[in-house]
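Visitor: Fold the following, please.
(one chain, ligands or ions: 1)
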Amino acid sequence: MRKQIVAGNWKMNNDVAQTEALIASLKAQNKTTNAEVMIAPTAVNLSQASNSVKGSTIEVVAQNMHFAESGAYTGEISAGMLKSIGVNTVILGHSERREYFNETDELLAKKVDAALANGMRVIFCFGEELADRKAGNEEAVVGSQIKNALFHLGADAFQNIVLAYEPVWAIGTGETASPEQAQDMHAFIRKTLADKYGNDVANSLSILYGGSVKPANAEEIFSKPDVDGGLIGGASLKAEDFFAIVNAF
Ligand code: PGA
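Guide: Numbering: from 1, shown residues only. Take a look at the predicted model:
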């Protein structure tokens with residue numbers, strides 16, 4: 001049985017007081033659910049957030065990290081530092097990191113290696129741009145993003161990897177992939193993994209959808225057989241909306 005996961009990517013939102021307030025509301029709404037629930041506050045608030053979620057089933061995860069263990073990388077954060085404050089999962093490869101911070105597949109492969117070497121779990125994001133989809137190249141783009149960053153790994157590594165398909169044209173735009181578009185791509189992703197690593201690996205891998213998931217569309221998207229949850233941006237900033245999405249399973 002694959003894990004169902006709903007992860008809130010807070011991006012560069014919420015100062016420390018807002019982080020505390022949102023976690024308090026989330027804890028108040030955190031009922032028993034089959035899904036794993038994660039939140040990704042900004043790095044500066046991760047330590048406090050990890051303490052604040054105690055007593056709930058919410059996991060605090062990081063939005064990014066560097067590949068090196070330590071050293072002269074001004075402004076960066078290592079896997080060891082994250083682990084030392086109780087953060088054991090990291091989002092890597094978000095399209096905003098790729099676009100605004102020039103993160104390439106090659107760099108992301110190094111980050112994935114560093115996270116796994118430190119015993120962390122990775123939520124690995126990828127997705128095509130609008131021009132790719134218009135040109136009918138979405139599968140080629142997604143396939144190469146996955147291969148370039150992950151296909152050097154052994155099959156065992158996938159126990160600690162969650163994939164997140166996020167079409168760039170649907171992130172923060174209010175435009176969502178249709179449930180059918182999401183399902184088609186998720187099935188393609190699972191087949192890509194099955195061709196390389198076999199059905200056992202592919203069938204046990206959770207593949208999340210991200211891009212304008214809201215309470216109104218979550219249930220239909222999550223009902224698709226190859227969609228195992230969501231990576232939620234805007235709607236994760238309101239406790240009621242986020243839990244309406246979690247409860248869509
Ligand atoms: P969105 O963001 O839900 O605001 O579209 C999703 C994401 O970037 O992970």
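Visitor: Quickly note the distance from residue 11 to residue 178.
Guide: 24 Å (Cβ to Cβ, to the nearest Å). Any C-beta I mention is one placed from the backbone N, CA and C, and that applies to glycine too.
Visitor: Up against the ligand, what does the chain have?
Guide: For the chain, the contact set with the ligand under Cβ under 6 Å from any ligand atom comprises 9, 166, 171-172, 210-213, 231-235.
Visitor: go with 8 Å
Guide: Counting by Cβ under 8 Å from any ligand atom, the chain comes close to the ligand at 9, 11, 94-96, 125, 164, 166, 170-174, 210-214, 231-236.
Visitor: Next up, the contacts around the residue of the chain found nearest the ligand.
Guide: Proximity of the chain to the ligand (Cβ to the nearest ligand atom) peaks at residue 233, 2.2 Å away. In this structure, residue 233 makes contact with 8-9, 11, 171-172, 210, 212, judged by Cβ atoms under 8 Å, 6 or more residues apart in numbering.
Visitor: Which secondary structure elements does whichever helix in the chain runs longest sit against?
Guide: For the chain, the helix with the greatest residue count under DSSP state H is helix 179-197. Contacts defined by 3 or more Cβ pairs under 8 Å, 6 or more residues apart in numbering; DSSP states H and E place helix 179-197 against helix 138-150, strand 161-165, helix 199-204, strand 207-210, helix 215-222.
Visitor: Out of the ones you listed, the one nearest residue 118 is which?
Guide: strand 161-165 (13.8 Å; Cβ to Cβ).
Visitor: related to what we said a few turns ago, next, the residues that contact the longest helix of the chain from outside, please.
Guide: 138-139, 142-143, 146-147, 151, 155, 158, 163, 165, 167, 177, 201-203, 205, 207, 209, 217, 220-221, 223-227.
Visitor: Out of the contacts of residue 233, show me where the pLDDT dips lowest.
Guide: Least confident by pLDDT among those: that is residue 172, with 81.
Visitor: Now do the same contact list for it.
Guide: Applying Cβ under 8 Å, 6+ apart to residue 172 gives the contacts 212, 233-234.
Visitor: Looking at the residues you listed, which is nearest residue 47?
Guide: residue 233 (22.5 Å).
Visitor: How confident was the prediction at the closest one?
Guide: pLDDT at residue 233 comes out at 97.
Visitor: for the host helix or strand of residue 244, packing partners?
Guide: Of the helices and strands defined by DSSP states H and E, residue 244 is found in helix 239-246. Applying 3+ Cβ pairs under 8 Å, 6+ apart, one finds that helix 239-246 contacts strand 5-9, helix 16-29, helix 215-222, strand 229-232.
Visitor: Show me what it is in contact with.
Guide: With contact meaning Cβ under 8 Å, 6+ apart, helix 239-246 is reached by 6, 8, 22, 25-26, 28-31, 33, 35, 37, 213-215, 218, 230, 232, 235-236.
Visitor: of the residues you listed, buried ones?
Guide: Buried residues within the contacts of helix 239-246, counting neighbours by 16 or more other Cβ atoms under 10 Å: 6, 8, 22, 26, 30, 35, 37, 213-215, 218, 230, 232, 235-236.
Visitor: Give me the below-cutoff pLDDT ranges for this structure.
Guide: For the chain, the stretches with pLDDT under 70 are 30.
Visitor: looking at it, which residue ends up farthest from its center?
Guide: residue 72 (27.7 Å; Cα atoms, centre = their mean).
Visitor: Wait, a helix at that one?
Guide: No: counting by DSSP: H, G, I helix; E, B strand; the rest coil, residue 72 is not found in a helix; it is coil.
Visitor: neighbours around the nearest residue to residue 46 once chain neighbours are set aside, how many?
Guide: In space, and not counting its chain neighbours, residue 46 is closest to residue 87: 5.5 Å by Cβ to Cβ, 6 or more residues apart in numbering. Residue 87: 24 surrounding residues under other Cβ atoms under 10 Å.
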